[in-house]
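Novice: A predicted structure for the sequence below; I have some questions about it.
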Amino acid sequence: MADDIAVANVNRTYTIAGTSIAIFTFTLFFLYPRFKSGEAHALLFQATIVAMAVATFSFVFATLFYYAASLGRRIDDVVRLKYSRRGDRFWLLGYTCLFLAPSLILFSIGLLAVASFWLMLWMVYLLFMLRYFPQVRTAGTGERG
């Protein structure tokens with residue numbers, strides 16, 4: 001992995017982690033009162049919070065692995081590849097959970113038609129990523145990381 005790509009991955013991923021924290025805060029600010037009053041489905045609200053937590057921490061871990069991969073000549077190329085691939089996997093997990101959260105929010109407040117449509121789009125995304133992610137992840141020499 002080239003140093004400039006690794007540095008760009010670090011910048012991109014920690015920005016997305018910050019955005020996830022902002023979305024998490026926004027979700028709590030607007031949905032927690034509905035949760036407390038019983039207007040929002042309790043289990044789905046909590047599942048949304050868990051999905052946002054997994055997304056945020058996945059982005060943080062991806063940032064750490066991408067940062068390790070960006071250390072340049074200080075580490076071996078095989079180790080850099082392993083860190084890059086781990087970063088790719090955490091990034092994918094974070095995005096998958098981040099895109100799931102809106103449908104969970106919509107289900108929790110009772111907008112079933114819109115939530116179902118969003119969930120269908122999320123499943124299309126999931127199938128797309130399962131099909132194509134192995135082809136676009138960090139290229140290497142066949143080492144598993």
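Specialist: The structure has been received and is ready for your questions.
Novice: if I look at the residue lying closest to Phe61 once chain neighbours are set aside, how far off is Thr27?
Specialist: In space, and not counting its chain neighbours, Phe61 is closest to Phe90: 4.4 Å by Cβ to Cβ, 6 or more residues apart in numbering. Placement of C-beta: from N, CA and C, glycine included. Counting by Cβ to Cβ, to the nearest Å, the gap from Phe90 to Thr27 is 21 Å.
Novice: Which residue is most remote from the mean position of this structure?
Specialist: Ser37 (29.8 Å; Cα atoms, centre = their mean).
Novice: Now do the one helix or strand in the chain whose mean pLDDT sits lowest: which elements does it pack against?
Specialist: Of all helical and strand segments in the chain, the minimum by mean pLDDT, DSSP states H and E falls on helix 3-37, at a mean of 77. When contacts are defined as 3 or more Cβ pairs under 8 Å, 6 or more residues apart in numbering; DSSP states H and E, helix 3-37 sits against helix 42-69, helix 77-108.
Novice: Having no further points to raise, I will conclude here.
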